[in-house]
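Q: Sequence and predicted structure, then a few things I'm wondering about:
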Amino acid sequence: MRTQVAIIGAGPSGLLLGQLLNRAGIDNIILERKSGDYVLSRIRAGVLEQGMVGMLEEAGVAERLHEEGLVHDGFALAFNGRRHRIDLHTLTGGKTVTVYGQTEVTRDLMRAREAAGAVTIYEADDVRVDGFDGDHPKVLFVQNGMSQSLDCDFIAGCDGFHGISRQSVPEGAISEFERVYPFGWLGVLADVPPAAHELVYANDARGFALCSMRSATRSRYYVQVALDERVEDWSDDRFYDELRARLPQDVADAVVTGPSIEKSIAPLRSFVAEPMRFGRLFLAGDASHIVPPTGAKGLNLAASDIRYLFDGLREHYLDKSDAGIDAYSQKALSRIWKAERFSWWMTSMLHRFPSQSPFEQRMQLAELEYVASSVAASTSVAENYVGLPY
Ligand code: APR
Ligand code: PHB
């Protein structure tokens with residue numbers, strides 16, 4: 001088998017790259033470890049920066065997004081029993097974010113890929129990358145028990161944090177930076193109307209809470225929990241009681257309870273691997289970096305990586321120039337580190353840290369009061385939340 005670009009992973013990164021390559025006439029094959037249904041079963045965040053909306057429009061998969069997505073002009077920070085609205089639209093000269101689940105983005109990209117007749121090999125086992133430090137890379141894998149080899153020009157490692165691409169890079173060639181947070185997020189998805197029209201991020205003495213949504217009839221809620229908490233110890237009632245205890249009264253009173261259709265605990269970490277290119281292997285998305293979900297940047301960083309990688313690959317094939325792929329790692333990392341900073345800042349400001357001193361708690365509240373009282377400070381939050389320029 002042969003293709004121009006071999007993509008490992010059919011998550012948002014791999015599917016978006018594949019769709020853009022298809023539209024540019026650049027041949028690609030995606031190899032995915034799981035089934036399509038399994039990929040779609042993952043519940044992930046769903047706040048899209050304007051830049052990502054633009055990329056989905058360019059990829060020709062934004063029709064349902066514009067029909068069903070919720071355009072938000074702002075969000076709220078809740079602390080000291082009150083709510084302060086960050087007016088994104090006003091503070092950023094008209095930019096907004098769109099609430100649209102990652103699962104729906106993935107579904108739209110999958111449908112487009114199928115319609116284009118592009119090749120996605122699901123349930124590919126024992127995927128391995130080879131020869132990426134030379135001119136003839138290949139991807140080896142097992143399909144239905146048969147060993148296969150895919151020759152290609154380039155390999156895009158879009159296989160997430162636990163994928164094989166980053167693991168295949170010689171240890172001395174890669175640097176990793178990580179911070180694991182001493183808490184997790186217990187998340188609930190329920191078919192109940194959201195407690196507020198916009199997202200509410202709450203800093204409370206009991207811990208962080210977030211009110212989000214997927215639509216006008218489906219809510220997504222989170223509460224910070226200790227790392228040793230088990231999801232089976234959290235009934236729906238216990239979850240809603242804890243959520244309401246952490247929210248300003250008016251928001252708590254508006255919470256409509258209903259049976260959870262998904263409930264899980266996710267750890268929080270900041271992680272960056274540098275560089276993102278190794279010969280003819282490129283890392284993109286979660287394969288290269290992880291952010292705590294507090295800044296809603298995970299999916300959006302995958303999109304900006306793919307912006308730079310697609311532009312570089314298109315330049316290589318259509319303009320016979322390697323300037324784009326040569327600059328990919330440095331360009332992507334510049335934006336990644338700024339999003340890592342914002343995500344770390346939002347996480348540090350909004351959560352209760354087990355070892356936190358009373359002084360540090362006051363510093364958190366002072367920082368939030370400063371944001372609430374300063375146009376300059378709230379503008380900084382707003383421009384990061386809607387997404388820094390690509
Ligand atoms: N071989 C083939 N596929 C693999 C392998 C492998 N060895 N390892 C992992 N995969 C697949 C996974 O099954 C998954 O479908 O790669 C895909 C990676 O997708 P994501 O983890 O979603 O990463 P990415 O596409 O970069 O999207 C980042 O997803 O996890 C969220 O918060 C994250 O919103 C962010 C977004
Ligand atoms: C979500 O809706 O799942 C969500 C929204 C915003 C975040 C994190 C998660 O910052």
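A: That came through, no problem. Ligands and ions are numbered 1, 2, ... in the order given.
Q: List the residues that contact the one residue in the stretch 51-200 of the chain that gets nearest to ligand 1.
A: Relative to ligand 1, the nearest point of the stretch 51-200 of the chain is Gly160 (2.7 Å; CB to the nearest ligand atom). Quick note: C-beta positions are derived from backbone N, CA and C, even for glycine. Contact analysis of Gly160 by CB atoms under 8 Å, 6 or more residues apart in numbering lists Gly9, Gly11, Gly285, Asp286, Ala287.
Q: gap between it and Thr106?
A: Distance of Gly160 to Thr106, computed by CB to CB, to the nearest Å: 13 Å.
Q: what residues do these two have in common as contacts?
A: If you check Gly160 and Thr106 against CB under 8 Å, 6+ apart, the residues they both contact are Gly11.
Q: What's the mean pLDDT across the strand or helix carrying Ile29?
A: Assigned by DSSP states H and E, Ile29 falls within strand 28-31. Averaged across strand 28-31, pLDDT comes to 98.
Q: Could you list the residues in contact with it?
A: In contact with strand 28-31 (CB under 8 Å, 6+ apart) are residues 1, 3-10, 14-15, 17-18, 21-22, 113, 118-121, 124, 127, 139, 141, 150, 152.
Q: re the thing from before, out of the contacts of Gly160, which one sits closest to ligand 2?
A: Distances from ligand 2 to these, taken by CB to the nearest ligand atom, are shortest for Asp286, at 14.8 Å.
Q: How many residues are close by that closest one?
A: Residues lying near Asp286 (other CB atoms under 10 Å) number 25.
Q: With Asp159 instead?
A: Residues near Asp159, counting by other CB under 10 Å, number 28.
Q: mind checking pLDDT for the nearest residue to it once chain neighbours are set aside?
A: Distance criterion CB to CB, 6 or more residues apart in numbering; nearest residue to Asp159, sequence neighbours excluded, is Gly9 at 3.7 Å. We have a pLDDT of 98 for Gly9.
Q: Check Ser41 too.
A: 88.
Q: State the phi and psi torsions of it.
A: Ser41 adopts backbone torsions of phi -80, psi -10, taken as degrees, to the nearest 10.
Q: What of the one 4 residues further on?
A: The phi and psi torsions at Ala45 (degrees, to the nearest 10) take the values phi -60, psi 170.
Q: Contacts for the helix or strand of the chain with the lowest mean pLDDT, please.
A: The weakest-scoring helix or strand in the chain, judged by mean pLDDT, DSSP states H and E, is helix 36-41 (a mean of 92). With CB under 8 Å, 6+ apart as the contact definition, helix 36-41 has outside contacts at Ala10, Gly11, Glu32, Thr103, Thr106, Arg107, Met110, Thr120, Tyr122.
Q: again with stretch 44-64
A: Applying CB under 8 Å, 6+ apart, the set of residues contacting stretch 44-64 is 16, 19-20, 23, 65, 69, 72, 95-105, 108-109, 111-112, 199, 212, 214, 220, 293, 296, 298-300, 303-304, 306-307, 386-387, 389-390.
Q: Which ones among these also lie next to ligand 1?
A: With CB under 6 Å from any ligand atom as the criterion, the contacts of stretch 44-64 include Gln102, Gly298, Leu299 near ligand 1.
Q: Nearest residue to the second one in space, ignoring adjacent ones along the chain?
A: Okay, so that is Gly298. Once flanking residues are discounted, Gly298 sits nearest to Val291: 5.5 Å by CB to CB, 6+ apart.
Q: ok, now Ala372?
A: Computed as CB to CB, 6+ apart, the closest residue to Ala372 that is not its neighbour in sequence is His84, at 3.9 Å.
Q: is the one you found in a bridge, and if so with what?
A: When bridges are called by DSSP bridges, His84 pairs up with Leu77.
Q: That one and Leu77 touch, don't they?
A: Yes. If you go by CB atoms under 8 Å, His84 and Leu77 touch, sitting 5.0 Å apart.
Q: Pull up the overlap in contacts between the two.
A: Leu368, Val371, Ala372.
Q: Return the distance of the first one relative to Glu360.
A: To tie it back to what came earlier, the one meant is Leu368. Noted for Leu368: a distance of 13 Å to Glu360, by CB to CB.
Q: More neighbours: which of the two?
A: More crowded of Leu368 and Glu360, by other CB under 10 Å: Leu368, with 20 against 11.
Q: can you give me how far the strand or helix carrying Asp311 is from the chain middle?
A: Taking DSSP H and E as the criterion, Asp311 maps to helix 298-318. Taking CA atoms, centre = their mean, to the nearest Å, one finds the center of helix 298-318 at 15 Å from the center of the full chain.
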